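A.B. asks: Pasted the sequence and its predicted model underneath.
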Amino acid sequence: MQNMKKILVLCTGNSCRSQMAEGYLKHFANDKAEVYSAGIETHGINTSAVAVMLEDGVDISGHTSNHVDEYRHIDFDYVITVCDNARENCPVFPSTARMFHHNFPDPARAKGSEGEIMNAFREVRNQVKEYCRNFVGTYVKE
């Protein structure tokens, strides 16, 4: 039995993008990885993010918004930053974690009607889903 990979997804507020990524990484990795998400701040879980994830069959409503300092004791294999702000302000981890970065647009900044805002969340969700599917396929092997 190989060691289970430990993955941390970092964002600014741990409310949207990192939560979506945590949900999809868990979904695609099944029980082959321990997945955590955190922020350099905590803003709570965005209800629109929860709603668009549920549309795709992934329930993140039980997630919590966590600060990165809560996970300092974990020796991560991979750390994925999902926004430029998190990458630039990411604390240094005393580990051998491989760092990855993808700057997803922040759907919480979308403007317009409720429908337009929800479409912005869906667009980001779909980008995050594809990234996570590819990440798991490449780095979380059987």
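C.D. replies: Received, thanks.
A.B. asks: looking only at pLDDT, what's the mean for stretch 52-65?
C.D. replies: The pLDDT scores in stretch 52-65 average 97.
A.B. asks: Any idea how far apart the tips of that stretch sit?
C.D. replies: In stretch 52-65, first residue to last residue: 17 Å (CA to CA, to the nearest Å).
A.B. asks: Show me the contact partners of it.
C.D. replies: With contact meaning CB atoms under 8 Å, 6 or more residues apart in numbering, stretch 52-65 is reached by 13-15, 19-20, 22-24, 27, 37, 39, 42-45, 49-50, 118, 121-122, 125, 129. The C-beta positions use only the backbone N, C-alpha and C, and glycine is treated the same way.
A.B. asks: Point out where this protein drops to low pLDDT.
C.D. replies: Where the chain drops to pLDDT under 70, the residues are 1-2, 86, 90-95, 142.
A.B. asks: Quick check: longest helix in it by residues?
C.D. replies: Criterion DSSP state H: the longest helix present in the chain is helix 114-139.
A.B. asks: Ser61 sits in which helix or strand?
C.D. replies: Following DSSP states H and E, there is no helix or strand that holds Ser61.
A.B. asks: follow-up on the earlier one: tell me which of the contacts of stretch 52-65 fall in strands.
C.D. replies: The members of these that map onto strands under DSSP state E are Ser37, Gly39.
A.B. asks: which of the contacts of stretch 52-65 count as buried?
C.D. replies: Burial by neighbour count, 16 or more other CB atoms under 10 Å: within these this picks out 13-15, 19-20, 22-24, 27, 37, 39, 42, 45, 49-50, 118, 121-122, 125, 129.
A.B. asks: wait, what's in contact with the closest residue to Arg98 other than its chain neighbours?
C.D. replies: Leaving out its chain neighbours, the residue that sits closest to Arg98 by CB to CB, 6 or more residues apart in numbering is Tyr78, at 5.3 Å. Applying CB under 8 Å, 6+ apart to Tyr78 gives the contacts Lys5, Lys6, Ile7, Leu8, Ala97, Arg98, Met99, Phe100, Tyr139.
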